[in-house]
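S.K.: Sharing a model prediction with you, sequence too.
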Amino acid sequence: MRRTAPFAAIVLAAMLLVPPVAAAPDSPNPVKRTWDFTKRFGIPRFDAQDCASDPARLEAFLGEYNARVDGFLAGPTDPKKLGLERRNYVKRVEGAARDIAAYADAFAATGVRSPDSYVPPLEDDICRARMQRHALLALRAGLAAIGRVYPDMTEVAPRLAEADAALAAIGNDASLRKKLVANRTQSLAAVRMKPPVSSNPAWEKGLRDGFARLVPGETVLKLHLYSADWYVHRNEVTSVPEYRQIGAWVAARRTDGTCWIHGIDLWQNFTGSGFDGGEYKLGEAPRQILCGNI
């Protein structure tokens with residue numbers, strides 16, 4: 001299941017993209033070796049794609065990245081070229097502070113939503129949180145590698161400490177899940193059903209019956225109209241009616257005991273002399289609500 005959460009896409013784009021590349025034949029010349037290495041060396045970005053396969057992909061990704069660093073440090077290097085590149089790597093290390101904070105903030109906010117927002121399955125939130133952890137692990141590997149190439153670079157240690165603190169805040173899978181459940185529970189407690197904007201027993205009965213047909217496995221607990229009158233859509237040129245619509249929020253209990261708010265609408269097409277009987281359709285994705293808050 002591919003996941004590309006918007007917040008992850010934004011912060012990932014800020015990272016330096018340094019994908020593993022096939023190692024070129026090593027040169028015995030220290031100047032050429034150092035030039036070839038620094039052209040490709042930087043803080044890596046891990047492109048999270050699929051929660052099931054990402055852990056193995058990350059391990060292979062970092063294994064290849066670290067192997068290239070190991071290979072470079074095992075041979076002769078050119079101190080002059082490394083000195084010329086030092087300022088560039090200091091900037092990358094210092095810039096990593098923003099990325100670490102962005103990943104940490106994205107994790108902390110995972111599962112937190114406004115009362116009106118869609119609440120996806122817990123596993124989707126877990127997937128997003130793991131993406132932040134994977135990105136942090138790749139970033140940390142890059143910082144550690146720069147520290148190995150420049151052992152006296154004092155700017156590395158504070159960034160490594162920040163990355164380690166962010167990773168500790170995320171924790172293992174059990175800790176991660178616990179934090180996300182707490183975030184989701186806190187957000188869920190604020191969800192309320194909006195009050196009705198009108199009362200019309202005939203509309204309410206029709207919408208209630210229509211919902212029962214569309215979602216036979218759920219028990220309707222409450223229905224609030226969000227239409228005070230018919231919304232009539234007219235042709236922009238002729239002003240002739242094309243269709244009309246009314247709708248309501250429906251609070252219903254599922255067989256697992258959880259409660260959800262749905263939207264349902266009645267759509268009626270204009271026939272030329274009036275409107276047809278219409279069709280009931282479900283609206284936006286359902287939002288969970290605590291049954292006690294209905």
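M.R.: Great, that's in hand. Note that the structure is a prediction, hence the values are computed from the model and not measured.
S.K.: can you pull the buried residues of stretch 204-219?
M.R.: Burial within stretch 204-219, assessed by neighbour count using 16 or more other C-beta atoms under 10 Å, is assigned to E204, G206, L207, G210, F211, V215, E218. Placement of C-beta: from N, CA and C, glycine included.
S.K.: Return the residues in contact with the third one.
M.R.: Under the criterion of C-beta atoms under 8 Å, 6 or more residues apart in numbering, the contact partners of L207 comprise L223, L225, I246, G247, A248, V250, I264, L266, Y280.
S.K.: Roughly how far does it sit from F46?
M.R.: Applying C-beta to C-beta, to the nearest Å, one obtains 48 Å for the distance of L207 from F46.
S.K.: Report the distance from the helix or strand where G83 lies to the chain centre.
M.R.: Mapping G83 onto the secondary structure by DSSP states H and E places it in helix 79-109. For helix 79-109, the distance from its own C-alpha centre to the chain's C-alpha centre is 23 Å (C-alpha atoms, centre = their mean, to the nearest Å).
S.K.: ok so, going back, would you mind giving the buried residues of stretch 204-219 as a markdown table with pLDDT, distance to I170 and secondary structure added?
M.R.: What follows is the buried residues of stretch 204-219, written out as a markdown table (pLDDT from 0 to 100; distance: C-beta to C-beta, whole Å; DSSP: H, G, I helix; E, B strand; the rest coil):
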| residue | pLDDT | distance to I170 | secondary structure |
| --- | --- | --- | --- |
| E204 | 98 | 47 | helix |
| G206 | 97 | 49 | helix |
| L207 | 98 | 44 | helix |
| G210 | 98 | 45 | helix |
| F211 | 98 | 41 | helix |
| V215 | 97 | 37 | coil |
| E218 | 97 | 36 | coil |
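S.K.: Quick check: phi and psi at R254.
M.R.: The main-chain torsion angles of R254 are listed as degrees, to the nearest 10 and equal phi -90, psi 170.
S.K.: Just to check, it is in contact with H262?
M.R.: No: R254 is not in contact with H262 according to C-beta atoms under 8 Å; the separation is 10.9 Å.
S.K.: which residues does N200 contact?
M.R.: L225.
S.K.: err, Y280, not the other one
M.R.: If a contact means C-beta under 8 Å, 6+ apart, then Y280 has G206, L207, G210, F211, R213, L214, I264, D265, L266, W267 as its contacts.
S.K.: my guess is it is in a strand, correct?
M.R.: Yes: under DSSP: H, G, I helix; E, B strand; the rest coil, Y280 falls within a strand.
S.K.: Quick check, pLDDT for it.
M.R.: What the model reports as pLDDT for Y280 is 98.
S.K.: beta partners of it?
M.R.: L266 (DSSP bridges).
S.K.: From S227, how far off is it?
M.R.: 13 Å.
S.K.: same check, this time on V69
M.R.: Taking C-beta to C-beta as the measure, V69 falls 64 Å from S227.
S.K.: Can you give the domain ranges for the protein?
M.R.: Taking automatic domain parsing as the criterion, the chain consists of the domains 6-188, 201-293.
S.K.: want to throw the ones you listed into a markdown table with distance to P195?
M.R.: Converted to a markdown table, the domains of the chain look like this (distance: least, C-beta to C-beta, whole Å):
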| stretch | distance to P195 |
| --- | --- |
| domain 6-188 | 14 |
| domain 201-293 | 6 |
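S.K.: Which of these has the highest mean neighbour count?
M.R.: The highest average neighbour count among the domains of the chain, using mean count of other C-beta atoms under 10 Å, belongs to domain 6-188 at a mean of 16.
S.K.: model confidence over that domain, on average?
M.R.: Mean predicted lDDT for domain 6-188 stands at 89.
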